[in-house]
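Novice: Below is the structure, and that's it, no one-letter string:
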């Protein structure tokens with residue numbers, strides 16, 4: 001029986017590396033897995049999922065997945081979605097339709113909250129409807145569990161602005177809640 005999985009974590013928790021390893025594991029045993037991500041994520045190219053440790057693989061946009069016919073989707077043994085926080089509610093609902101009506105498991109990876117500690121639309125929907133939700137943990141610079149992502153610039157932590165500003169370690173850092181509140185991005 002297929003399930004809708006949601007694995008969330010802060011930046012640096014190896015979400016994308018896990019997505020790529022899941023894809024590899026399916027293919028290694030002769031099964032087909034489809035790697036998907038939202039079009040908004042263009043950091044490494046439109047159709048590439050890439051982790052910080054250098055693993056990468058071609059993908060398709062979730063916007064393309066939702067237009068595919070059922071028989072095309074059923075050719076896959078698993079659908080793996082990276083950066084799912086950027087998905088819309090309707091796209092997440094479609095992912096649940098793949099599970100419920102096509103009996104294909106869907107494994108999603110993404111952030112839970114933004115730099116303001118507000119839920120992303122895709123994450124919010126997955127928290128509401130996923131069959132299994134698991135955290136992938138990482139740590140703050142102090143050694144405590146990182147529970148937040150802070151956006152920063154040369155003046156320190158940014159507390160206001162657009163929800164989505166693409167970036168990496170040059171714009172974001174994972175922090176424990178205390179250091180996020182204090183605005184301390186390092187010792």
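Specialist: Structure's in. What do you need? Being a predicted model, the structure only gives us computed values, none of them experimental. Numbering: from 1, shown residues only.

Novice: now the helices for this structure?
Specialist: 15-28, 62-65, 70-73, 89-102, 121-129, 177-182 (DSSP state H).

Novice: Of these, which is nearest residue 139?
Specialist: With CB to CB as the criterion, residue 139 lies closest to helix 177-182 of these, at 11.2 Å. Where C-beta positions appear, they are placed from N, C-alpha and C, glycine not excepted.

Novice: Just the buried residues of that closest one, please?
Specialist: Buried residues in helix 177-182, counted by 16 or more other CB atoms under 10 Å: 179, 180.

Novice: And the average pLDDT for that helix is what?
Specialist: The average pLDDT within helix 177-182 is 94.

Novice: rewinding a little: so for residue 52, which of the helices of the chain sits nearest?
Specialist: When the helices of the chain are compared by CB to CB, helix 15-28 sits nearest residue 52, at 7.5 Å.

Novice: where does the protein have its least confident helix or strand?
Specialist: Lowest on mean pLDDT, DSSP states H and E among the helices and strands of the chain sits strand 48-50, with a mean of 75.

Novice: Tell me the buried residues in it?
Specialist: Of the residues in strand 48-50, 49, 50 count as buried by neighbour count, 16+ other CB under 10 Å.

Novice: what are the pairing partners of it, and which direction each?
Specialist: Using DSSP bridges, the strands paired with strand 48-50 are strand 56-58 (antiparallel).

Novice: Can you tell me what sits against the partner strand?
Specialist: Here strand 56-58 makes contact (CB atoms under 8 Å, 6 or more residues apart in numbering) with 20, 23, 35, 44, 47, 48, 49, 50.
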